[in-house]
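Novice: Below are the sequence and a predicted model for it; my questions follow.
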Amino acid sequence: MTSFIRVSFLMILAACFVAMPMSTRSARGDFPKPSPYKISWEIKFEHSLPKRIVIDSHAYWYLTYTVTNNSDREQTFLPIFEMLVQDGRLIRSDKNIPAKVFNAIKEREHKQFMEPFTLIGGELRLGEDQARDGVAIWEEPTPRLGKFSIFVGGMSGEAVTLKDDKGNEVKTADGKPVILRKTLQLNYHVAGDEFYPGEDQVNENPEEWVMR
C-alpha cells in the first residue's frame with residue numbers, strides 16, 4: 001500500500017469519528033478489515049479508468065461502470081461514489097451535475113443503455129442479461145489531481161459494528177452505533193500537471209476492499 005493510500009485511509013478514519021467524543025475515539029480497538037472470504041452478497045462491478053470531459057468550458061471527471069447481480073437473490077442497488085483528493089477532501093459524485101454532461105458522456109462512450117445516477121438505484125435483477133450501465137460524475141476538484149482514490153459503496157452486504165478494545169460498541173455523539181460497510185477502493189495517479197489538464201495518462205494502482 002502506498003504512503004498516499006495509507007494517509008488517505010487515515011483521513012477517512014478521522015472523518016468517520018469526527019462526531020464522536022475524544023474518549024470514545026481513543027478507546028477503539030484495531031480497525032476492522034473485510035473478511036478474506038465472501039460472507040454476504042456482492043454485486044459484480046466492472047469499471048473504466050476515470051476520464052475527463054469539458055462541457056461549456058467547465059471540466060468534469062467521470063467513471064463508467066457495469067453492475068451485475070450474480071448472487072442468489074435480487075438486490076436493492078444503492079451505489080455511493082466518493083472521490084478522495086490529495087488535499088483531504090472527500091467529494092460525493094453527481095452533485096449538481098447538469099443533464100447535458102451526462103448526455104455528452106453517454107454519447108462519447110457509445111453506451112445506449114447507460115443510466116444517470118438519479119435513475120440507476122433500485123432493484124437489480126439476477127443474471128448477466130439484467131446488467132446495468134451507469135456513470136459517476138464529479139466536477140473537477142482541482143486542475144492537478146495527482147494521486148486520488150474513488151470509494152465505491154453499495155456493492156456488498158458485508159458490514160460490521162465497530163467496537164473498542166474492550167468489546168464495547170463505539171457510538172457517535174448522538175448514541176448511534178458506528179457501522180462500517182465493505183467498500184471498494186480504487187486508486188489512481190495522474191502524472192501530469194495543471195498546464196495540460198486532461199492530456200496526461202491516468203494510471204491505475206492496485207484496488208482493494210476496505211471497511212468504512
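Specialist: Perfect, thanks for sending it.
Novice: Which helix or strand in the chain has the lowest average pLDDT?
Specialist: Of all helical and strand segments in the chain, the minimum by mean pLDDT, DSSP states H and E falls on helix 22-27, at a mean of 35.
Novice: is it true that Gln86 touches Gly146?
Specialist: Yes - taking contacts as C-beta atoms under 8 Å, Gln86 lies within contact range of Gly146: 5.1 Å. Using the backbone N, CA and C atoms, a C-beta is placed for each residue, glycine as well.
Novice: What helix or strand is the residue located most distally from the centre of the chain located in?
Specialist: Distance from the C-alpha centroid of the chain peaks at Lys166, with 30.9 Å (C-alpha atoms, centre = their mean). Per DSSP states H and E, Lys166 falls between elements, in no helix or strand.
Novice: what's the offset of stretch 161-174 from the middle of its chain?
Specialist: 24 Å (C-alpha atoms, centre = their mean, to the nearest Å).
Novice: got a pLDDT number for the residue nearest the centre of the chain?
Specialist: The centroid of the chain falls nearest to Phe151 when counting by C-alpha atoms, centre = their mean (2.1 Å). For Phe151, the model assigns a pLDDT of 98.
Novice: can you check the one 10 residues further on too?
Specialist: If you check Thr161, the pLDDT there is 91.
Novice: In space, what's closest to it - neighbours in sequence excluded?
Specialist: Sequence neighbours aside, Pro177 is the residue nearest to Thr161 in space, at 5.1 Å (criterion: C-beta to C-beta, 6 or more residues apart in numbering).
Novice: Report the beta-bridge partners for that neighbour.
Specialist: For Pro177, the residues forming beta bridges with it (DSSP bridges) are Lys171.
Novice: for it, what are its contacts?
Specialist: If a contact means C-beta atoms under 8 Å, 6 or more residues apart in numbering, then Pro177 has 161-162, 169-171 as its contacts.
Novice: If we use 7 Å, what do you get?
Specialist: Applying C-beta atoms under 7 Å, 6 or more residues apart in numbering, we find Pro177 in contact with 161, 169, 171.
Novice: What pLDDT is listed against the residue nearest to Arg92 when sequence neighbours are not counted?
Specialist: Of all residues not flanking Arg92 in the chain, Glu82 sits nearest, at 5.5 Å (C-beta to C-beta, 6+ apart). Reported pLDDT at Glu82 in the predicted model: 98.
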